[in-house]
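Asks: Can you look at this prediction? I've put the sequence above it.
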Amino acid sequence: MNPSGSMGISTMKQPCCRLIITSRACSMFGFSSPNMGFNNLSKSRKLGHDRLISTCSSSSSSSSSAAASRIMGFRCVIDPGCRVGRVNWGQARVFSRYCCCGDGFRRRVSVISNVASDIRRRHSTSVDGNRVNEKGFENIYVQGGLNLKPLVVERIERDVEFGENEGKASTREEREEERHEEEPNGVETCGVDVNNDTEKSINGLRYKKELSEIEKAAWDLLNESVVTYCGSPVGTVAANDPNDKSPLNYDQVFIRDFVPSALAFLLKGEGEIVRNFLLHTLQLQSWEKTVDCYSPGQGLMPASFKVRTVPLDGSNGAFEEVLDPDFGESAIGRVAPVDSGLWWIILLRSYGKITGDYALQERVDIQTGIKLILNLCLADGFDMFPSLLVTDGSCMIDRRMGIHGHPLEIQALFYAALRSALEMLTVDDGSKNLIRAVNNRLSALSFHIREYYWVDGKKINEIYRYKTEEYSTNATNKFNIYPEQIPTWLVDWFPEKGGYLIGNLQPAHMDFRFFTLGNLWSIVSSLGTQKQNQGILNLIEDKWGDLMGEMPMKICYPALEYEEWRIITGCDPKNTPWSYHNGGSWPTLLWQFTLACIKMGRPELAERAVAQAEKKLSKDKWPEYYDTRNGRFIGKQARLNQTWTIAGYLTSKMLLDNPQLASLLMWEEDLELLETCICALSKTARTKCSRGAAKSQILI
């Protein structure tokens, strides 16, 4: 692994890079796409050359010529007259092409494409965007079959600058070396300066911090976890414990796990790894995986991917790097990730906010990726609620824990992703209906969560007195909740002040468990009202011993025990009471708690939590989670050197040191959005809006 992400010209054998190109992605690599249907093509900045994915380095001996230096490791152009191998159209296909590498040899690059068995896809593929009431999404076409323009493959943001003399090149690495000659005390790993006195400029804000020994060690570990693809950093592995003999999928790059790592790098002033990650995961978006012959919806983002090195057929020691995504077909339970696409949109917004690189958001491929995710989430179905219907195991809690239905975590991320997309979507004739659909969904979702998910002392007493079997549009107990569902632990546990958003709501079912991520992200995204957001923090402060314990913080409270645990989890031995997802303590939640506290003007709570965690994290080798009711023991199956534990700590420290940066990662209340009621759009007199009951809390 090359943590620095540098890739110079050397005599060592270098890998070729296999491109995983989806049917949708063809139009984004410079292939002919006459019917894209977008009006913002002028903003794509020559899409065919701006869509930079990877490099292709040959396996031959070094060449001394400057012409070869320009190509090896930096650019590889596929020969337009290259031969294409035979294809089995009903399966994943590998195009064997040869790239001209400037030294007289033709290097092979494998281009993988996976399409459905329909023979018509040889010549055209369409993404039907008309799933939201048959309007609001433009059609996207990829036409031309194999009569495609040459594919240009370049390194992301690693172009070589050539002067008048062709043999002299000034690379980014050489410029970095010159800079460090002036700063001899700096130690750089993966482009991140780890100094005793670090100063960076982030979006006009100055970041200056003297790092502690724990922070320095954490940065070292974070940089060691960096994964490179063809010499460029593209993410961080989930865990990097050298003593782990059975890493399972912890050696992969997870979208949800990489978010705190990405924020740590962005807040440090290093955006290249995040940009690479966003583009490469976008490249994998439409890859069609199957589980027992069923395909997930188009637009699904993978849960994770791994960079694999495989030998080239018929070559003498040559090899290539392959991006291998996992859409859930290899995961425990075989559940597709719902939160990956939502996190991707949120991270894309954060990247633009922190770096100021809004041009990335305006690219046609990025715009299309956003729309495909929205298309998948906003598709009409049988569900009557504005919340997103998902299965168990489709988010951070990725095992059976009784969260199927409308879990709060997904709704909060869904709300944040919709608000992010609304900021980033290019407004034109083709996107107006989509923007209208997003606005309507945001309005309905915010009302639904605020009105029906919120519980405090008054609301619980109201539920306690509910009448059931109410049949009318004026019913108070709209979801037919039986008062007997109120658990005994809640009656004694609930504080006088404060409240929270329940974990789930379905017909005749309220999950009263406190789920931390959903409540924290509701604060960050302003899904809850100001009064509700303060109430959540009041509850956490009042119940500090239960929700924080010795290691912040509980993923949910309380744990499922006894027969309830056996029935709901299926006797999951990893999710025993107060372990893992069943009431375990997850230090990675610190950064989201910090963000929520800063937003609500209560950073002292976050400082208390971070200081509490700091006492043990480094000594315990940064475990994935902690067990027991108080979070006292390292998790029985917890991985050490867990990357998002490390990154969550570093991100929390940087946000507390520079709280003004936190404003770039959160959303304030949108009063205009709250005035938009989807009920007013209905033409039927049967629709009676109950929003007035919630408006009294909006401005409190």
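Replies: That came through fine.
Asks: Going by C-alpha atoms from here, please, whenever you check contacts or count neighbours.
Replies: Noted.
Asks: residue ranges with poor pLDDT in the protein?
Replies: Of all residues in the chain, those with pLDDT under 70 make up the ranges 1-209, 286-291, 676-700.
Asks: what do you get if the cut-off is 80, keeping everything else the same?
Replies: Counting by pLDDT under 80, the chain contains low-confidence ranges at 1-209, 286-297, 314-315, 673-700.
Asks: hmm, who's touching stretch 405-421?
Replies: 338-339, 342-343, 345-346, 349, 370, 374, 387-392, 395, 438, 442, 445-446, 501-506, 515, 517-519, 521-522, 525, 527 (C-alpha atoms under 8 Å, 6 or more residues apart in numbering).
Asks: Out of the residues you listed, list just those in helices.
Replies: 339, 342-343, 345-346, 349, 370, 374, 438, 442, 445-446, 517-519, 521-522, 525 (DSSP state H).
Asks: Can I have the buried ones of these as a PyMOL selection?
Replies: To isolate in PyMOL the members of these that are buried, counting by 16 or more other C-alpha atoms under 10 Å, one can use:
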select buried, resi 339+342+343+345+346+349+370+374+438+442+445+446+517+518+519+521+522+525
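Asks: May I have the secondary structure class of Asn276?
Replies: Asn276 falls in the helix class when you classify it by DSSP: H, G, I helix; E, B strand; the rest coil.
Asks: ok, now which ones touch the nearest residue to it once chain neighbours are set aside?
Replies: Spatial nearest neighbour of Asn276, excluding adjacent residues (C-alpha to C-alpha, 6 or more residues apart in numbering): Val234 at 5.3 Å. Taking C-alpha under 8 Å, 6+ apart, we find Val234 in contact with 226-228, 273-274, 276-277, 280.
Asks: Serialize those to a markdown table and add fields for distance to Ile555.
Replies: Rendered in a markdown table, the data for those read as follows (distance: C-alpha to C-alpha, whole Å):
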| residue | distance to Ile555 |
| --- | --- |
| Val226 | 26 |
| Val227 | 28 |
| Thr228 | 31 |
| Ile273 | 28 |
| Val274 | 26 |
| Asn276 | 30 |
| Phe277 | 27 |
| His280 | 30 |
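Asks: between the residues you listed, which has the most around it?
Replies: Using other C-alpha atoms under 10 Å as the neighbour test, these are led by Val226, with 26 neighbours.
Asks: List the contacts of Leu445.
Replies: Counting by C-alpha under 8 Å, 6+ apart, Leu445 makes contact with 386-387, 415.
Asks: can you rerun that using 6 Å?
Replies: When contacts are counted by C-alpha atoms under 6 Å, 6 or more residues apart in numbering, Leu445 touches 386-387.
Asks: how much space between it and Leu527?
Replies: Computed as C-alpha to C-alpha, to the nearest Å, the Leu445 to Leu527 distance reads 8 Å.
Asks: Repeat that for Phe593.
Replies: Counting by C-alpha to C-alpha, the gap from Phe593 to Leu527 is 15 Å.
Asks: Just the buried positions in whatever helix or strand Glu541 lives in, please.
Replies: Glu541 belongs to helix 530-542 when assigned by DSSP states H and E. Of the residues in helix 530-542, those scored as buried under the neighbour-count criterion (16+ other C-alpha under 10 Å) are 530, 532-540, 542.
Asks: just stretch 230-238 next, same as before
Replies: 230-238.
Asks: and the residue nearest to Asn276, that's in a helix?
Replies: No: secondary structure of Val234, determined by three-state DSSP: strand, with no helix assignment.
Asks: Report the angle between the strand or helix carrying Ala609 and helix 530-542.
Replies: Assignment of secondary structure by DSSP H and E places Ala609 within helix 603-614. Relative orientation of helix 603-614 and helix 530-542, computed by axes from the mean of the first three to the mean of the last three C-alpha atoms, to 10 degrees: 40 degrees.
Asks: Can you name every helix or strand that the helix or strand just after helix 603-614 contacts?
Replies: Toward the C-terminal end, the helix or strand that comes next after helix 603-614 (DSSP H and E) is strand 626-627. Packed against strand 626-627, as judged by 3 or more C-alpha pairs under 6 Å, 6 or more residues apart in numbering; DSSP states H and E, are the following elements: strand 633-634.
Asks: partner strands of the strand it packs on, parallel or antiparallel?
Replies: Strand 633-634 pairs in its sheet with strand 626-627 (antiparallel), by DSSP bridges.
Asks: Can you give the contact residues for the partner strand?
Replies: With C-alpha under 6 Å, 6+ apart, strand 626-627 has contacts from 578-579, 584-585, 633-635.
Asks: Quick check: of the residues you listed, which has the highest neighbour count?
Replies: The member of the contacts of strand 626-627 surrounded by the most neighbours (other C-alpha under 10 Å) is Ser585, with 33 neighbours in all.
Asks: Dig out what it forms beta bridges with.
Replies: Lys554, Tyr626.
Asks: so it touches Lys554, yeah?
Replies: Yes: the criterion here is C-alpha atoms under 6 Å, and Ser585 meets it with Lys554 at 4.2 Å.
Asks: how about Lys574, phi and psi?
Replies: As for Lys574, its main-chain torsions (degrees, to the nearest 10) stand at phi -90, psi -30.
Asks: swap in His581?
Replies: His581 adopts backbone torsions of phi -80, psi -10, taken as degrees, to the nearest 10.
Asks: tell me the contacts of it?
Replies: Under the criterion of C-alpha under 6 Å, 6+ apart, the contact list for His581 reads Asn575.
Asks: likewise Ile273?
Replies: Taking C-alpha under 6 Å, 6+ apart as the contact definition, Ile273 lies against 233-234.
Asks: quick one, the strand or helix carrying it and strand 232-236 angle?
Replies: Mapping Ile273 onto the secondary structure by DSSP H and E places it in helix 272-283. Counting by the same axes, to 10 degrees, helix 272-283 points 80 degrees away from the direction of strand 232-236.
Asks: Now for Gln660, how many residues are close by?
Replies: Other residues near Gln660 number 12, with proximity taken as other C-alpha under 10 Å.
Asks: brain fart, Pro325
Replies: 24.
Asks: Just say helix, strand or coil for the residue nearest to it when sequence neighbours are not counted.
Replies: The shortest distance from Pro325 to any non-neighbouring residue, by C-alpha to C-alpha, 6+ apart, is to Phe305 (4.0 Å). Secondary structure for Phe305, judged by three-state DSSP, is strand.
Asks: Could you pull up phi and psi at Gly528?
Replies: Backbone torsions of Gly528, given as degrees, to the nearest 10, read phi -90, psi 160.
Asks: Quickly note the distance from it to Ala416.
Replies: Gly528 is 12 Å from Ala416, where distance means C-alpha to C-alpha.
Asks: just Thr281 next, same as before
Replies: In this structure, Thr281 lies at 19 Å from Ala416, with C-alpha to C-alpha as the measure.
Asks: again with Gly297
Replies: When C-alpha to C-alpha is the yardstick, Gly297 and Ala416 sit 21 Å from each other.
Asks: When the two are compared, which one has more neighbours?
Replies: Counted by other C-alpha under 10 Å, Gly297 and Ala416 do not tie: Ala416 has more neighbours, with 25 against 16.
Asks: Return the set of buried residues in stretch 210-221.
Replies: If you call a residue buried by 16+ other C-alpha under 10 Å, then stretch 210-221 has these buried ones: 211, 215-216, 218-221.
Asks: ugh, typo on my part, it should be stretch 609-624
Replies: Neighbour counts over stretch 609-624 (16+ other C-alpha under 10 Å) mark 609-610, 612-614, 617-618, 621-624 as buried.
Asks: Quick check: closest non-adjacent residue to Lys574.
Replies: Closest residue to Lys574 apart from its sequence neighbours, by C-alpha to C-alpha, 6+ apart: Tyr580 at 6.6 Å.
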